[in-house]
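S.K.: okay, sequence plus prediction incoming.
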Amino acid sequence: MPNYYPEQVPRAFQIMKGGGVAMTRALAKECKDLGVKFFYQTRARKILINKKREVSGVLAVTKEKEVPISSKSVIVATGGYAGSKELMKKYCPAYSEDLVQFGMPINVGDGLRMTVGAGAATEGLGLLQLIGPRFATSSYIAAIVVEPNTIWLNKRGERFVDESLSFRWPEAANALARQPDKICYNVFDEKIKQIFMGEGINRGWIKYPTGTKMMELDKEIRAQRSKGEIKISDSWEEIAKWMGLVPQVLKATIEEYNGFCDQNYDPTFAKDPRFLIPVRTPPFYVLKCHQGFHGTVGGIKINQRMEVLGKDDQPIHGLYAAGSDTGGWQGDTYCLDLSGSTFAFAVSSGRIAGENAVQYALGE
């Protein structure tokens, strides 16, 4: 497996300043200026289809009653179904209760349910944008578990990948997905912790970019310790017991890794020597990490006009879909070289869907 170094990786996601919030505010203002009507606290329940297989509207629900809304075209854009445990269990082979969601929990799959109910075919159903490893209870600590100068161990006490693959976190997530229970133990010692605090981090993560000095790390680790996902000890035997390992197994792994550091060469994974730092200075720190994911991608089959396709691969007239609700445009590994692609596809596919939906409604 090839090494990936920081200089080979995009430094930032390709997202506009202010992100989705700024864009949504600008678009909402424009819509209001044009007289577009908004329905707040109103949930779409069903897409209405007539006998000619044409959209005739949507059945919506408010707190008081059902509200039928007539329309010649409908666009589905509900952001996937990552917030629905029911749909995640049903469609995603990679799903488990231990997955740490990084995306929006409010996306519960209403669009998928409605379009499938209207006769839509599916494509790419079950794909997750995996992240890994992730520390569940603290975003501050999450920034250091992906640092390449730590050791990653699975539940068998084995290294399973070159830790500098964290610079390509979708590929690191794939490696983690193959481990028992998708669990990764992140291991480092006091010396490495002081590097994080005094010299800064190498990879960086969202709010904590490359070079950030994690001055509050010791305080945060000890604050999170009571939640059961962190072990601090001077004893490898004690740590092995906490991990559920035979002590000799853990010791052998650590000693082998330290030997690689001493010779400045990792014959197992060819890890970049810059990140080979032995783990010998107690106390030792072990963080239990999990598979994470941004959200779901896929489900609704569309064509290039963003028309929703039925099971016969023919359009359901007047029905369109956009963004992460749709499938066929994203594989099972997030493309880091095209970072921000989900955001960009939501914008571009939404525009295409909107233009075509208007033309259809006007009979053009």
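M.R.: Looks like it came in fine.

S.K.: ranges for the strands of the stretch 151-300 of the chain?
M.R.: Under the criterion DSSP state E, counting those that start in this stretch, the stretch 151-300 of the chain contains strands at 151-153, 183-189, 230-233, 284-300.

S.K.: reformat those as TSV; add mean neighbour count, mean pLDDT and distance to E216.
M.R.: (C-beta placed from N, C-alpha, C; glycine too.) Rendered in TSV, the data for those read as follows (neighbours: other CB atoms under 10 Å; pLDDT from 0 to 100; distance: least, CB to CB, whole Å):
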stretch	mean neighbour count	mean pLDDT	distance to E216
strand 151-153	23	98	23
strand 183-189	22	97	16
strand 230-233	19	98	15
strand 284-300	24	93	15
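
S.K.: so which of these is nearest P105?
M.R.: With CB to CB as the measure, strand 284-300 is the member of the strands of the stretch 151-300 of the chain nearest P105 (9.5 Å).

S.K.: with just CA atoms, put that closest one into CSV.
M.R.: Output for strand 284-300, consisting of C-alpha atoms alone and laid out as CSV, is shown next (Å, rounded to 0.1, in the frame of the first residue of the first chain):
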residue,chain,number,x,y,z
PHE,A,284,0.6,5.2,27.9
TYR,A,285,-2.6,6.4,26.3
VAL,A,286,-5.2,4.2,24.5
LEU,A,287,-8.3,5.6,22.9
LYS,A,288,-11.1,3.3,21.7
CYS,A,289,-12.2,4.5,18.3
HIS,A,290,-15.0,3.6,16.0
GLN,A,291,-16.0,3.7,12.3
GLY,A,292,-17.5,7.0,11.5
PHE,A,293,-19.5,8.3,8.5
HIS,A,294,-20.6,11.6,7.1
GLY,A,295,-24.0,10.4,5.7
THR,A,296,-25.6,8.2,3.1
VAL,A,297,-25.3,8.6,-0.6
GLY,A,298,-27.7,6.9,-3.0
GLY,A,299,-31.0,5.3,-3.3
ILE,A,300,-33.1,7.0,-5.9
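
S.K.: next, the angle from it to strand 183-189.
M.R.: Our comparison of strand 284-300 with strand 183-189, counting by axes from the mean of the first three to the mean of the last three CA atoms, to 10 degrees, yields an angle of 150 degrees.

S.K.: contact partners of the helix or strand following strand 284-300?
M.R.: Sequence-wise, the next helix or strand downstream of strand 284-300 (DSSP states H and E) is strand 307-309. Outside strand 307-309, the residues that touch it by CB atoms under 8 Å, 6 or more residues apart in numbering are 76, 115, 118, 120-121, 300-303, 315-316, 319-321, 356.

S.K.: filter these down to the ones in helices?
M.R.: Taking DSSP state H, the ones among these that sit in helices are T115, N356.

S.K.: run through the residues that contact the residue nearest in space to the middle of the chain.
M.R.: Taking CA atoms, centre = their mean as the criterion, H294 is the residue nearest the geometric centre of the chain, at 2.0 Å. Contacts here follow CB under 8 Å, 6+ apart; on that basis H294 touches A82, F102, G103, L128, Q129, I131, Y334, T342.

S.K.: returning to what we had before: export the strands of the stretch 151-300 of the chain to a markdown table and tack on distance to N264?
M.R.: Putting the strands of the stretch 151-300 of the chain into a markdown table (distance: least, CB to CB, whole Å) gives the following:
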| stretch | distance to N264 |
| --- | --- |
| strand 151-153 | 16 |
| strand 183-189 | 18 |
| strand 230-233 | 28 |
| strand 284-300 | 22 |
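
S.K.: quick one: closest of those to L27.
M.R.: Minimum separation from L27 across the strands of the stretch 151-300 of the chain (CB to CB) falls at strand 284-300, 20.6 Å.

S.K.: now that closest one, how far from the chain's geometric center?
M.R.: The gap between where strand 284-300 is centred and where its chain is centred comes out at 6 Å by CA atoms, centre = their mean, to the nearest Å.

S.K.: and the contacts of H294, which is the shakiest by pLDDT?
M.R.: The pLDDT minimum for these sits at G103, where the score is 67.

S.K.: lowest-confidence helix or strand of the chain?
M.R.: Among the helical and strand segments of the chain, the one scoring lowest on mean pLDDT, DSSP states H and E is strand 100-101, with a mean of 80.

S.K.: name every strand pairing with that strand and say which way it goes.
M.R.: On the basis of DSSP bridges, the sheet neighbours of strand 100-101 come out as strand 284-300 (parallel).

S.K.: sorry, back to before: among the contacts of H294, which one sits closest to S56?
M.R.: Nearest to S56 among the contacts of H294, with distances taken as CB to CB, is A82, at 30.1 Å.
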